[in-house]
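Chemist: Following is a predicted model, sequence given first.
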Amino acid sequence: MKFEKAYALKDLANFLGCPFVGSPDFLVQGINEIHVVEAGDLVFVDHPKYYDKALNSKATTILINKEVECPKGKALIISDDPFRDFNKITKKHKPLLAASATISADAKIGEGTVIQPGAMVLQDVVIGSNCFIHPNVVIGSGSRIGNNVTIHPGTVLGGDAFYYKKRESGFDKLLSGGIVEIHDDVEIGANCTIDRGVTGATTIGAGTKIDNLVQIGHDTIIGKKCLFASQVGIAGCTIIEDEVTLWGQVGVISGITIGAKAVVYAQSGVGRSLDGGKAYFGSPCDDARKKYREMAAVKSLPEIIENM
């Protein structure tokens, strides 16, 4: 998430009420999570396990809860609670705004696009040409939708990320300030949910087709011409490459990659990255032919035991 205007380090630190290390005029251009940071971004870290990863990332400002040596060319903001202060920045730059109309006055809608009664189009949304948005669809703030996109009833684009920090008082939510990007020629079935990125974008590639009742988590990137059947669930920060097929009720863990043209059969559980161009089955899933041989072997066990 980029700021409309870059902060001087001293100004951002003063806003948070935190000391800093680095030139007072060092520029902070935005905030991002560790897996999508770029030069100019601020990233937060609040666990010793990830200190080195954050300090050595592309981020040039690190919001951290320990005084450490500042890497050359970077800056630090020292906070007693980086998670809280990261939320403060998100809330300032991407606040929740009350809707004043079913279609926001600042929404940009392309020629030939139909938006059916009951659909909600919130602030700063861009929708391309020749799209069809069915009743009771919710298109969240900042969403970007390409041309020739169809979204069926009850689908929600831009729900918040399922991202919490456990505290003694309960669970503290990491606020979402990202968006959803739907590229050209995508069709999304009824009652799907595609969460927005925490600071970046959850992306659906051109030509992908999604069945009813599919959940896609925050910051996930879906490639081109993928097929997802009903009740597929994909966790956040996952990469699904081009032309991947996920059949019904496949579950995918966060932070992995499924290679191009992979096929995952129904009710499989994907708990690791998968190579492209292969078929997979089972939970945990593996090469489909291997799994079927294992199932056949298990079925023969009673006969083997009986003949022992």
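Modeler: Perfect, thanks for sending it.
Chemist: part of a strand, is residue 230?
Modeler: No - using DSSP: H, G, I helix; E, B strand; the rest coil, the assignment for residue 230 is coil, not a strand.
Chemist: measure stretch 32-45 end to end?
Modeler: Stretch 32-45 has an end-to-end distance of 11 Å (criterion: CA to CA, to the nearest Å).
Chemist: Buried residues of that stretch, list them for me.
Modeler: For stretch 32-45, a neighbour-count test (16 or more other CB atoms under 10 Å) marks 32, 33, 34, 36, 37, 40, 41, 42, 43, 44, 45 as buried. In this view, the C-beta of every residue, glycine as well, is placed from N, C-alpha and C.
Chemist: any chance of those in a markdown table, with pLDDT, secondary structure and distance to residue 298 too?
Modeler: Shown next, in a markdown table, are the buried residues of stretch 32-45 (pLDDT from 0 to 100; DSSP: H, G, I helix; E, B strand; the rest coil; distance: CB to CB, whole Å):
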| residue | pLDDT | secondary structure | distance to residue 298 |
| --- | --- | --- | --- |
| 32 | 94 | coil | 47 |
| 33 | 91 | coil | 42 |
| 34 | 89 | helix | 42 |
| 36 | 88 | helix | 43 |
| 37 | 92 | coil | 46 |
| 40 | 96 | coil | 55 |
| 41 | 97 | strand | 50 |
| 42 | 98 | strand | 52 |
| 43 | 97 | strand | 47 |
| 44 | 97 | strand | 48 |
| 45 | 97 | strand | 46 |
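Chemist: would TSV of those with distance to residue 117 be doable?
Modeler: Formatted as TSV, the buried residues of stretch 32-45 follow (distance: CB to CB, whole Å):
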residue	distance to residue 117
32	38
33	37
34	42
36	37
37	42
40	43
41	41
42	42
43	43
44	42
45	47
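Chemist: The strand ranked longest in the chain - contacts with which helices or strands?
Modeler: Identified as the longest strand of the chain according to DSSP state E is strand 2-8. On a contact count with 3 or more CB pairs under 8 Å, 6 or more residues apart in numbering; DSSP states H and E, strand 2-8 meets strand 27-31.
Chemist: For the strand it packs on, list the C-alpha coordinates in PDB.
Modeler: Presented in PDB, the C-alpha positions along strand 27-31 are these (Å, rounded to 0.1, in the frame of the first residue of the first chain):
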ATOM      1  CA  LEU A  27      11.400   8.800   3.100                       C
ATOM      2  CA  VAL A  28       8.800   6.200   3.800                       C
ATOM      3  CA  GLN A  29       6.600   5.600   0.700                       C
ATOM      4  CA  GLY A  30       4.200   2.900   1.900                       C
ATOM      5  CA  ILE A  31       3.600  -0.200   4.000                       C
END
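Chemist: Neighbouring strands - and their directions - for it?
Modeler: strand 2-8 (antiparallel), strand 41-45 (parallel) (DSSP bridges).
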